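Novice: I need the structure of the sequence given here:
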Amino acid sequence: MLNIEADMIMQHVAVAVIIEHDRVLIAKRADNVHQPGLWEFPGGKVETGETTEQALSREIQEELGIIIEQAQPLIQIAHQYTDQQVLLDVYRVTHFSGRRYDADNNSVRQQGLEGQTVQWLALNELKDYPFPAANSAIIHALNLPERYLISPEADYQSDEHLSGFIDDFSYNCQQQKLLQLRLKSVDGKIFASLFERLAVLAQQQQVKLLINSSMSLSQAQYVKVAGIHLTSRHLYDDEIIDYYRALDRQKLMAASCHCLDDIKRANDLKLDFIALSAVKKTPSHPQQSAMGWQKFQQLVQWAKMPVYALGGMVESDIKVAQTYGAQGIAAISCLWLHNRN
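Specialist: Next comes the predicted model:
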């Protein structure tokens, strides 16, 4: 579990990301509270004897007059400020009733029930507003899907086999929005040609395509992808990390993590998200022991960014993973579909 400073009490806070028509409702913090004047996702302290869901419903009704009808876990974040420690249990609220706020007219100042300024923002506008530091992971989570597809190796014994991989890749780009290309065994000349075709397919379908760091990219190639996914070994390789950040610091940088030290390193690097494994035993990495969901949850509490559960995942594990603090699942076999056309 997290190491809590002896003179600090961990504040357990329920947070609501209220979404309607791809817009998010945010509120401005009062001048007499912690982190004054910053914007936030509404919520409040979980009181003794309350479940997180009960606290969420109570706080949102008291603050905004909104009645939550449907919510699901989005992310759990532990963060230590200089004067306070917080554990944020964040829920995505998609169905609600009660008081309405005008999503189409931010030119008129709107107020919640406690006099706080509120307004709706598009997801891509959140980065332009000042939030408390702990909220940055929430913004990352909102811009990531619940499925992170990892490609299998491409069979390039013949042009026919390679063509089949390209067809499958194109088909999967129509199903998923976050995809890691992981082709460790494809040699350089074949990869260069293959990469150009795959990058175009991903761009056409607006897929965020990350490249596994085992496949070195040139500057010209890196322009065509959404970012890099570091192997657990490259997570500690400053030369590789500096190389890609020098090319473009705005691109996504993710990593594979297996233990607490890996997560702490990812925190220090301020990565956008990680894949944590192995939750279950998996044939692709038989040497890795399974940590199980309880250990996974304990490790996730240390992460300051979204975490995907990896290792032996199946589609039905998405909701399970989210109850243990994950963004969703990362997988090859259960997410990679073959184009049967």
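Novice: just the helices in the stretch 151-300 of the chain please.
Specialist: 159-173, 188-204, 219-222, 238-247, 260-269, 292-300 (DSSP state H, counting those that start in this stretch).
Novice: which one, of the ones you listed, ends up nearest to residue 134?
Specialist: For the helices of the stretch 151-300 of the chain, proximity to residue 134 was assessed by C-beta to C-beta; helix 260-269 is nearest, at 12.3 Å. C-beta coordinates here come from the backbone N, C-alpha and C atoms, glycine included.
Novice: I'd like the helices of the stretch 151-300 of the chain written out as TSV, with distance to residue 108 added.
Specialist: Converted to TSV, the helices of the stretch 151-300 of the chain look like this (distance: least, C-beta to C-beta, whole Å):
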stretch	distance to residue 108
helix 159-173	41
helix 188-204	39
helix 219-222	44
helix 238-247	42
helix 260-269	40
helix 292-300	40
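Novice: got the domain ranges for the chain?
Specialist: 10-139, 147-331 (automatic domain parsing).
Novice: in TSV, list the ones you listed along with mean pLDDT, mean neighbour count and distance to residue 338.
Specialist: Converted to TSV, the domains of the chain look like this (pLDDT from 0 to 100; neighbours: other C-beta atoms under 10 Å; distance: least, C-beta to C-beta, whole Å):
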stretch	mean pLDDT	mean neighbour count	distance to residue 338
domain 10-139	89	17	30
domain 147-331	92	18	5
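Novice: quick check: chain neighbours aside, which residue is closest to residue 19?
Specialist: Distances taken as C-beta to C-beta, 6 or more residues apart in numbering put residue 94 closest to residue 19, at 5.7 Å, once the chain neighbours are dropped.
Novice: OK, contacts around that neighbour?
Specialist: Counting by C-beta atoms under 8 Å, 6 or more residues apart in numbering, residue 94 makes contact with 19, 70-72.
Novice: also residue 166?
Specialist: Contacts of residue 166 (C-beta under 8 Å, 6+ apart): 194, 197-198, 201.
Novice: give me the distance between it and residue 179.
Specialist: The gap separating residue 166 from residue 179 is 14 Å, by C-beta to C-beta, to the nearest Å.
Novice: for residue 219, same thing?
Specialist: 22 Å.
Novice: just residue 153 next, same as before
Specialist: 15 Å.
Novice: over to residue 52?
Specialist: To residue 179, residue 52 is 32 Å away according to C-beta to C-beta.
Novice: likewise residue 214?
Specialist: According to C-beta to C-beta, residue 214 stands 16 Å off from residue 179.
Novice: so residue 131 touches residue 139, yeah?
Specialist: Yes - counting by C-beta atoms under 8 Å, residue 139 is a contact partner of residue 131 at 7.1 Å.
Novice: show me whatever sits in contact with both of those two.
Specialist: With C-beta under 8 Å, 6+ apart, residue 131 and residue 139 have no common neighbours.
Novice: picking that back up, residue 110 is nearest to which of the helices of the stretch 151-300 of the chain?
Specialist: That would be helix 292-300 among those, by C-beta to C-beta, at 34.9 Å.
Novice: so the closest one versus helix 260-269, what angle?
Specialist: 40 degrees (axes from the mean of the first three to the mean of the last three C-alpha atoms, to 10 degrees).
Novice: which strands or helices does helix 292-300 pack on?
Specialist: In this structure, helix 292-300 packs against strand 273-276, with contacts taken as 3 or more C-beta pairs under 8 Å, 6 or more residues apart in numbering; DSSP states H and E.
Novice: just checking: what are the partner strands of the strand it packs on?
Specialist: Next to strand 273-276 in the sheet, as set by DSSP bridges, lie strand 252-257 (parallel), strand 307-310 (parallel).
Novice: next, the angle from the longest one to helix 238-247.
Specialist: Here strand 252-257 points in a direction 160 degrees away from that of helix 238-247 (the same axes, to 10 degrees).
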